[in-house]
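Trainee: when you get a sec, could you give me coordinates for this:
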Amino acid sequence: MGAQISRRTAVLGIGGVLGAAATAQVAQSSGAFAAPSATGSYRPMQYGSTGSDVRAVQTSLAAAGFWCGSADGSYGALTQQAVMALQKAYGARRTGRVDYWTWTKVHLRRRTYSRYRHDGIEIDKTRQLLLVVRGAAVHSVFNTSTGNGEWFSYQGRWVRATTPSGTFSIFRGGSNGWDYGALGGLYRPRYFNGGIAIHGSPSIPGHAASHGCCRLTTRAQDHLLATGRLAIGTKVRVY
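Mentor: Now for the predicted structure:
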């Protein structure tokens, strides 16, 4: 039993959630995911679903740090984004829908891990997640979309759409609404590396799709700004 617990701890690490291969290994060795701590029965859920089981999913997502707004029993865009973020954290297919596999992971209420464990923002390009870290632990998690690596023309020259890795600080904010430029609109941007910002957008898919900025839903951007998580001087660690 002791060896089994040690093995599980080594696989999960401090934060808890790793990729699909690691979680599968833990499940096989300890049966940790066999009985989710949810009440009620499972049914598939997706955008447009309503009911008490949707509310239960929203409550569990929030308990694990995956921000979905309020637990109102309505499966809207924020719940879809939170589910996609959880699927990214576990290395699963990024559908934004709750199938049985996703349902069991939701109700574990397990927080994902921070690489650096320092206060600020972490942007994980591999998993396409934005993490808010407080007190060495992940406070909240958001679905994001970063640079897609493609070439595009900007001001007469070709530029690759990348989000550079490194440690930066938020140094400038944009307007309190939409800022429009040659590459489109940025909602309430907060710049941390030249012209690269964390900003709201109407499109946050399950993959890298931006010119280099880090996209969030407009409501997620409003939430982070209202709670002071994107204040000037906030550290942003990109990897």
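Trainee: I figured R134 was touching I121, is that so?
Mentor: No: using CB atoms under 8 Å, R134 makes no contact with I121, being 10.6 Å away. C-betas here are computed from N, CA, C, even on glycine.
Trainee: these two - which one has more neighbours?
Mentor: I121 (24 against 13; other CB atoms under 10 Å).
Trainee: correct me if wrong: that one contacts V133.
Mentor: Yes: I121 lies in contact with V133 (CB under 8 Å); the separation is 7.4 Å.
Trainee: list the strands paired with the top strand by length along the chain, with their directions.
Mentor: Once the chain is assigned using DSSP state E, the strand that runs over the most residues is strand 184-193. If you go by DSSP bridges, strand 184-193 pairs up with strand 172-173 (antiparallel), strand 178-181 (antiparallel), strand 196-200 (antiparallel).
Trainee: worst mean pLDDT among these?
Mentor: Lowest mean pLDDT within those: strand 178-181, a mean of 93.
Trainee: can you list contacts of it?
Mentor: Residues from elsewhere that reach strand 178-181 (CB atoms under 8 Å, 6 or more residues apart in numbering): 185-187, 189.
Trainee: pLDDT check: weakest of these?
Mentor: Out of those, that is G185, at 94.
Trainee: apart from its neighbours in sequence, what residue is nearest it?
Mentor: Spatial nearest neighbour of G185, excluding adjacent residues (CB to CB, 6 or more residues apart in numbering): W178 at 4.7 Å.
Trainee: do I196 as well
Mentor: G212 (5.0 Å).
Trainee: how about that neighbour, what does it touch?
Mentor: By CB under 8 Å, 6+ apart, the contact list for G212 reads 146-147, 161-164, 195-196.
Trainee: out of these, which are inside strands?
Mentor: I196.
Trainee: name the member of the contacts of G212 with the most neighbours.
Mentor: T146 (25 neighbours).
Trainee: verify the stated contact: that one with T163.
Mentor: Yes: using CB under 8 Å, T146 is in contact with T163, at 4.1 Å.
Trainee: anything in contact with each of the two?
Mentor: Common contact partners of T146 and T163 (CB under 8 Å, 6+ apart): 123, 125, 210, 212-214.
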